[in-house]
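A.B. asks: any chance you could fold what I've pasted below:
(chains A and B)
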Amino acid sequence: MGQQLRYLPLSEIIEGMVLGAPLAIAEHGVTNFTLPVGHELTTSNLHQIALRHGEFACVLLDDPRSDEERAAAIERHRARLDRIFARADRSRPAVAGLYAAVLAYRSL
Amino acid sequence: MPLALSERVIVERAQMLPAFPTVVNDLLMTLDDDNATIGALIQLVGRDPVITARVLSIANAAAMAGRIQRDVRDMQVAVSLIGVARLREIVLTLSLAEFAHGAHVGRQFWEHSVAVGVAAQELARIGRASVDFALVCGLLHDIGQLWMARCHPLEFQMVRMSREQEPGLDIIEAERRHFGVDHCAIGSVLAGAWQLPPSVVAAIRHHHEAHPPADKLVAATHVGEALANALDLVGHDQASVVEVSAGACELLGLHWDDDLNFLFGRIEARSRFLNRIFS
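C.D. replies: Residues are numbered from 1 along each chain as shown, chains lettered A, B, ... in the order given. Presented below is the predicted three-dimensional model:
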């Protein structure tokens, strides 16, 4: 089974989820709590994150879709982006850059 | 024939909207002094029983999430649990949510405002501008449309119909056709009348421009709206990106070829969270 990265608010994260990116919480510019990528979150971790005013985390979720289903989902995202950018001039570098960055994010 | 709207008329008719929450101005004025902020914040929150109750409720939820066995009834304890930065964010968003609710805004309008507020905040963080000012800019960037809908519902409906009949018609052009001015101009007049800081007025005034003035809050609001629409944070049928200014991105230090997944993920997660709390 494949996996996918998802950025979720803390309220949607439960114990047992695995971090898909390192978690670092800073206050007043000083990092005071870190967890590494691949760490399996415990209830205690979630309490600690809440106490430090953490708001979200990147987690790795199982992705039961087939390769074809994943490719179809990316195509749907591309079609939606095409509609959103229908009146934009995508030859302009900033517009093209925004389009490509969002498509890359939706393809995670 | 478009309406002929002077600034005086726009301000006079704004009486059809609820009173603007002065706590927003008061809070923005305290931002430069960290020591004053905590005391002033507690005092500001204490003036409004609705906001007080909501803040204590959020603090109690934070206490439960942190496994702290206590019933939070004291604002000092609430501040320690929520954090000053988060409390400012809550008070600003809650005040403007109450204002929007009183003006009977549609759910999508408010959710879009929150999404742009969060995006502007995150971009301000990158560009080292005030995140609280950026939040207010985002939450109020389309306030002119709210005025249009409340004060001239017929013309507002005609703007919508014009855009349905001419799908390529830009919203600014459609508004000028029926109102003589666009929502950016109306919003900036209102923001000035409510004595919001000049940088907030400028962000509302210029957020649709292809080449906005070189000001970080204007840039954060302009790029924030493009980003909120591109990420489709509200799922609105009319979500559209027409332009994003290269100069505004440069001013914020935002480079599209960097890995922006973390930034986008943060914006998406925070926007969803705030919309759940404040919708």
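A.B. asks: secondary structure class for the nearest residue to B:Gly102 once chain neighbours are set aside?
C.D. replies: Excluding the flanking residues, the one nearest B:Gly102 by CB to CB, 6 or more residues apart in numbering or on different chains is B:Pro18, at 3.5 Å. Where C-beta positions appear, they are placed from N, C-alpha and C, glycine not excepted. When classified by DSSP: H, G, I helix; E, B strand; the rest coil, B:Pro18 comes out as coil.
A.B. asks: number of nearby residues for B:Pro18?
C.D. replies: 15 (other CB atoms under 10 Å in any protein chain shown).
A.B. asks: and it, its phi and psi?
C.D. replies: With angles defined as degrees, to the nearest 10, B:Pro18 sits at phi -60, psi 160.
A.B. asks: show me what contacts it?
C.D. replies: Shown in contact with B:Pro18 (CB atoms under 8 Å, 6 or more residues apart in numbering or on different chains): B:98-99, B:102-103.
A.B. asks: now those in a markdown table, with distance to B:Val116 and neighbour count?
C.D. replies: Formatted as a markdown table, the contacts of B:Pro18 follow (distance: CB to CB, whole Å; neighbours: other CB atoms under 10 Å in any protein chain shown):
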| residue | distance to B:Val116 | neighbour count |
| --- | --- | --- |
| B:Glu98 | 19 | 18 |
| B:Phe99 | 16 | 20 |
| B:Gly102 | 20 | 12 |
| B:Ala103 | 17 | 17 |
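A.B. asks: closest one of those residues to chain A?
C.D. replies: For the contacts of B:Pro18, the closest approach to chain A (CB to the nearest CB) belongs to B:Glu98, at 22.3 Å.
A.B. asks: walk me through the domains of chain A.
C.D. replies: For chain A, automatic domain parsing gives the domain ranges A:2-63, A:67-106.
A.B. asks: which one of these has the lowest average pLDDT?
C.D. replies: Between these, the one with the least mean pLDDT is domain A:2-63; it has a mean of 91.
A.B. asks: strands along chain A, start to end?
C.D. replies: Along chain A, counting by DSSP state E, strands occupy A:2-9, A:18-19, A:23-27, A:30-35, A:56-63.
A.B. asks: what do you get for chain B?
C.D. replies: Under DSSP E, chain B gives no strands.
A.B. asks: domain parsing for it?
C.D. replies: If you go by automatic domain parsing, chain B breaks into B:1-17+B:106-279, B:20-102.
A.B. asks: any idea which helix is longest in the chain?
C.D. replies: Just so you know, I chose chain A. In chain A, assigned by DSSP state H, the helix with the most residues is helix A:67-84.
A.B. asks: my bad, chain B
C.D. replies: Chain B, longest helix under DSSP H: helix B:107-127.
A.B. asks: good, we can wrap up now.
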